[in-house]
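*Asks:* Just the structure for this:
(one chain, ligands or ions: 2)
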Amino acid sequence: MTVDLSALLRGEVRSINIDAEISPDSAPEGVTILPGSRLKGVIEDSGGYIRLTSEASVPYRGQCARCLDTVNGTLKFEFNRTLVTEGTVAEDVLEENAEEYLVIHKGFIDPDSTICESVFLEFPMVLLCRESCRGLCPKCGKKLPASGECGCAPAETDPRWNKLKEIFSKD
Ligand SMILES: [Zn+2]
Ligand SMILES: [Zn+2]
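*Replies:* Residues are numbered from 1 along each chain as shown. Ligands and ions are numbered 1, 2, ... in the order given. Model prediction:
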């Protein structure tokens, strides 16, 4: 995705609305980015200070870390940057503030690779089918229901736990 800023840079318009398809080309391990990623927002010029305020939405498919079920979701995150013309901000400053600046090359911005980096940063560390997922039964390997047991014989408990249970049941 590229955005032509020439009209804004010439002062003919004060803002440019963005609603465009983006294509993050890589994803965290085990995650597939599905088609239909978008960036929606606005680029506004206030007295030479050009700011991009937007939200990215990235549909994905992954796997629950506990039960291994397929998880479909949409990652949404804010993508806000100050746009600076090439050469006006020193390279080392740009590198140190990668989450602050986006460089305008010859009147255009091309934020796809930067958005792709954000996908990695914003993606949940542990993907779950639901917060309360109990994972798999350690005995039979089936997915545990939301409550109760899976139906196979209850797992044998460590005798030390039985001792603890006795202690607590006395209260
Ligand atoms: Zn799960
Ligand atoms: Zn079981």
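
*Asks:* quick check, residue 93 in a strand?
*Replies:* No: membership of residue 93 in a strand is not supported by DSSP: H, G, I helix; E, B strand; the rest coil, which gives helix.

*Asks:* Report the contact partners of it.
*Replies:* residue 101 (C-beta atoms under 8 Å, 6 or more residues apart in numbering). C-beta here means a position set from N, CA and C on the backbone, and glycine is covered the same way.

*Asks:* Residue 25 now?
*Replies:* 112, 116.

*Asks:* Quick check: it vs residue 113, distance?
*Replies:* 8 Å (C-beta to C-beta, to the nearest Å).

*Asks:* And for residue 35?
*Replies:* 18 Å.

*Asks:* which of these two has more neighbours?
*Replies:* residue 113 (10 against 7; other C-beta atoms under 10 Å).

*Asks:* mind checking pLDDT for the more buried one?
*Replies:* Looking at residue 113, its pLDDT reads 85.

*Asks:* What residues of stretch 67-86 count as buried?
*Replies:* The neighbour-count check on stretch 67-86 (16 or more other C-beta atoms under 10 Å) flags 67, 71, 75, 77, 79, 81, 83, 84 as buried.

*Asks:* who's in contact with residue 131?
*Replies:* No contacts exist for residue 131 under C-beta under 8 Å, 6+ apart.
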